[in-house]
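Novice: 3D model of this:
(chains A and B)
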Amino acid sequence: MRKLKISTVVLYLVITIVALFTLIPFVVVVSGSFSAERDLVVYGASLFPRNFTTDAYRFLMANRASIVTGYRVTLTVTVIGTALSIYLTTSLAYVISIKSVKLRNPIAFFVYFTMLFNGGIVPWFIWIVRHLQLRDSIWVLILPMAMSAFFVMVMRTSLASLPESLRESAIIDGASEFKILYKIILPVSKPIIATITLFYMLNYWNDWFHALFFIDDRNLVPLQFNLYRIVSNLAFLSSSDEIARTAAQHVTLPTESVRMATVVLTIGPIVFVYPFLQKHFVKGITIGAVKG
Amino acid sequence: MNAISVGKEKKSKKGQGFWREMLRDLSRNRALYLLALPAIAWFIIFHYIPMTGIIIAFKDYNVIDGIFGSPWAGLRNFEFLIRSGILRRVTLNTLFLNALFLVFGLIAQVGIALLINEVRNKYFKRVSQGVLLLPFFISWVIVGTISLYLFGTNVGFLNTVRGVFGLDPINWYQSPQYWPAILTISHIWKSIGWGSIIYLAAIVSVDQEIYESAQLDGCNKIKQIRYITLPCITPTISIMMLLAIGQIFYGNFGMIYNMVRQNILLFPTTDIIDTYVFRALRGGGGGGQFAMAGAAGFVQSTMGFITVLIANKIVSKFNKDNALF
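Specialist: Numbers count the residues shown, from 1 in each chain, chains lettered A, B, ... in the order given. Reported below is the predicted structural model:
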């Protein structure tokens, strides 16, 4: 009996240590954002601020243009993008989930094949810049990532499991396909749609990749890419190049604490909504990963 | 992975009957096909058209003539990549790092899932899972910024900790030998919650009666895990492994690019195909080498495609149910 107890203590201890290990980077960042710059330079990063101050946040409030732009762009992209993604994904998944559609398997393979093979970044980049002319347009942050083949497949499996009589009776009533999808099929598929919506939202919110490739216009810099740019200005310093470091001393650069405050503001919203949505995310991750 | 199981239907007999049937289907279901059209068009525009551009690898690309107008270059682009040793270096780095992520990621994820499964306190279970999942939600830009802060030479948290123990600070960003380990730990940090959820779901679905009868036979916890839990979740593990192996030629661009940046000192152990392609394409100074980037991308795409097919073949040989298609 005693042996069992020790193993239980060890169990909880190990998990707690792993969880702390996960949390420490976050704690250090938050601590850094509330630290006095001088302390960071002299003593280095720590778990708790030596002298608590909100200087970094006040500095950001005074110089808020890029953060405000970031939020504006990211929110726009996330809202419009998610709506578009859900529209495209559900309509395609619905069609290829219907048994009477003869081409449903060829279309499904057509979608699935894009997960197996792609032409690489280069032709994709040239196509979007040269032919679609989307560089420095808000649409380049939305359209290239509008659909995920994986979510189409997940959605299709879910819709295919609905009873066929649902659709058939609506057809007898004379409803159009569009109406059937939005008035009958989707309302009964709320859980899966909620999950997929969350993942699309997360994708748009966290996107910096497309901005890196296609955005030079300052007014179109999303939140994540804003952080990337701030760090880029400083990155060459960490390579400990002496010349670069002395050169940089004459340039005003965002300081450590301000960078950490920017990180906090960039993560911010996710951490706030996360506890309420944990359940959906957990479900979303399990979908399609475990054989039913 | 039933989500992406694409059904195989027996091909209808070709010939007139087939086409007539198709046409009838298209007209009968035209409202449905119309509904799917925008999404299908999206896949054509953003996947299939760019796919044809893969021939850039065999072209002497210039901006004026475009991909299809530029003259052919034969295998010259590849020759350069091989001769200069770039292809060898970035490919080996990609494979080596991905192998590290795969093995250690799996051990960490399955390990923590087994531990969490033993926890009886529901609240503790939920909170610890929530904490472990947190890094999953943040972008690599944020991870990169945080790592810069943790590994910084002067202000870095790790060197602060080393200082507490009386150790000299390490110049992390000048020491490529540490980076495979740093990147592996970062990978584990970011994926442990996500992976453990998947394996936990598999563990929970194991029939509880097996455990009960094992207990009656005097099996202890370790033996139960070894002989019941692990064999029962092997299908899930093999699927996850298969997915990862299929992607082994695709490096984690977001991770490397944000954590290493353009730090040449670290390239010997961290430069992967994806970062090389990006630099050749867009990097400052040496950017604009479209054909070279395209050739490296071609190698990645074809090798990746072959790998995923082979991996799937192997799995389907052992167990048909676990294959992807």
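Novice: Every contact and neighbour count from this point should use C-alpha atoms.
Specialist: OK.
Novice: So for A:Gln2, what pLDDT did the model give?
Specialist: Wrong residue type there; residue A:2 is Arg, not Gln. On the pLDDT scale, A:Arg2 is placed at 50.
Novice: do A:Thr69 as well
Specialist: Value listed for A:Thr69 in the pLDDT field: 94.
Novice: Same question for A:Leu116.
Specialist: 87.
Novice: Quickly find the element holding the closest residue to it other than its chain neighbours.
Specialist: Closest residue in space to A:Leu116, ignoring its immediate chain neighbours: B:Phe305 at 6.0 Å, by Cα to Cα, 6 or more residues apart in numbering or on different chains. In this structure, B:Phe305 sits in helix B:290-318 according to DSSP states H and E.
Novice: Quick check: buried residues in that helix?
Specialist: Across helix B:290-318, burial judged by 16 or more other Cα atoms under 10 Å in any protein chain shown covers B:290-305, B:307-308, B:311-313, B:315.
Novice: in the stretch 201-325 of chain B, which spans are helices?
Specialist: B:208-216, B:221-224, B:230-246, B:253-260, B:267-270, B:273-282, B:290-318 (DSSP state H, counting those that start in this stretch).
Novice: Could you export those as JSON lines, including distance to A:Asp207 and mean pLDDT?
Specialist: Supplementary listing: those in JSON lines, determined by distance: least, Cα to Cα, whole Å; pLDDT from 0 to 100:
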{"stretch": "helix B:208-216", "distance to A:Asp207": "42", "mean pLDDT": "87"}
{"stretch": "helix B:221-224", "distance to A:Asp207": "43", "mean pLDDT": "86"}
{"stretch": "helix B:230-246", "distance to A:Asp207": "22", "mean pLDDT": "86"}
{"stretch": "helix B:253-260", "distance to A:Asp207": "10", "mean pLDDT": "93"}
{"stretch": "helix B:267-270", "distance to A:Asp207": "23", "mean pLDDT": "91"}
{"stretch": "helix B:273-282", "distance to A:Asp207": "17", "mean pLDDT": "89"}
{"stretch": "helix B:290-318", "distance to A:Asp207": "22", "mean pLDDT": "87"}
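Novice: okay if I get those as a markdown table plus distance to B:Gly111?
Specialist: Below are those laid out as a markdown table (distance: least, Cα to Cα, whole Å):
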| stretch | distance to B:Gly111 |
| --- | --- |
| helix B:208-216 | 19 |
| helix B:221-224 | 12 |
| helix B:230-246 | 11 |
| helix B:253-260 | 24 |
| helix B:267-270 | 27 |
| helix B:273-282 | 30 |
| helix B:290-318 | 23 |
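Novice: For B:Lys190, which of those helices is the nearest?
Specialist: helix B:253-260 (10.1 Å; Cα to Cα).
Novice: That closest one - contacts with which helices or strands?
Specialist: helix B:140-151, helix B:273-282 (3 or more Cα pairs under 8 Å, 6 or more residues apart in numbering or on different chains; DSSP states H and E).
Novice: Swap in 10 Å and give it another go.
Specialist: Counting by 3 or more Cα pairs under 10 Å, 6 or more residues apart in numbering or on different chains; DSSP states H and E, the packing neighbours recorded for helix B:253-260 are helix A:223-238, helix B:140-151, helix B:179-204, helix B:267-270, helix B:273-282.
Novice: pretty sure the residue nearest to A:Leu116 contacts A:Gly120?
Specialist: No: B:Phe305 lies out of contact with A:Gly120 (Cα atoms under 10 Å); the separation is 11.7 Å.
Novice: intersection of neighbour lists for those two?
Specialist: Shared contacts of B:Phe305 and A:Gly120, defined by Cα atoms under 10 Å, 6 or more residues apart in numbering or on different chains, are found at B:Val299.
Novice: wait, what's in contact with the closest residue to chain A within the stretch 151-300 of chain B?
Specialist: Nearest residue of the stretch 151-300 of chain B to chain A, counting by Cα to the nearest Cα: B:Val155, 3.8 Å away. With contact set as Cα under 10 Å, 6+ apart, B:Val155 has these partners: A:Asp39, A:Leu40, A:Val41, A:Val42, A:Tyr43, A:Gly44, A:Ala45, A:Ser46, A:Glu256, B:Leu148, B:Tyr149.
Novice: go again using 7 Å as the cut-off
Specialist: Taking Cα atoms under 7 Å, 6 or more residues apart in numbering or on different chains, we find B:Val155 in contact with A:Leu40, A:Val41, A:Tyr43, A:Gly44, A:Ala45.
Novice: possible to save the residues you listed as CSV with distance to chain B and neighbour count?
Specialist: What follows is these, written out as CSV (distance: Cα to the nearest Cα, whole Å; neighbours: other Cα atoms under 10 Å in any protein chain shown):
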residue, distance to chain B, neighbour count
A:Leu40, 6, 22
A:Val41, 6, 15
A:Tyr43, 7, 15
A:Gly44, 4, 23
A:Ala45, 5, 30
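Novice: still on that earlier bit, now mean neighbour count and distance to B:Ile245 too, for the helices and strands packed on helix B:253-260, in JSON lines please.
Specialist: Formatted as JSON lines, the helices and strands packed on helix B:253-260 follow (neighbours: other Cα atoms under 10 Å in any protein chain shown; distance: least, Cα to Cα, whole Å):
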{"stretch": "helix A:223-238", "mean neighbour count": "20", "distance to B:Ile245": "29"}
{"stretch": "helix B:140-151", "mean neighbour count": "23", "distance to B:Ile245": "22"}
{"stretch": "helix B:179-204", "mean neighbour count": "21", "distance to B:Ile245": "16"}
{"stretch": "helix B:267-270", "mean neighbour count": "20", "distance to B:Ile245": "19"}
{"stretch": "helix B:273-282", "mean neighbour count": "23", "distance to B:Ile245": "16"}
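Novice: just to revisit the earlier point, and B:Phe96, which of the helices of the stretch 201-325 of chain B is closest to it?
Specialist: Closest to B:Phe96 of the helices of the stretch 201-325 of chain B, according to Cα to Cα: helix B:267-270, at 9.3 Å.
Novice: Contacts for that closest one next, please.
Specialist: Here helix B:267-270 has contacts from B:Asn93, B:Pro176, B:Trp179, B:Pro180, using Cα under 7 Å, 6+ apart.
Novice: Spit out the contact partners of the closest residue to the second one other than its chain neighbours.
Specialist: Of all residues not flanking B:Pro176 in the chain, B:Leu266 sits nearest, at 4.6 Å (Cα to Cα, 6+ apart). Residues in contact with B:Leu266, defined by Cα under 7 Å, 6+ apart, are B:Gln174, B:Ser175, B:Pro176.
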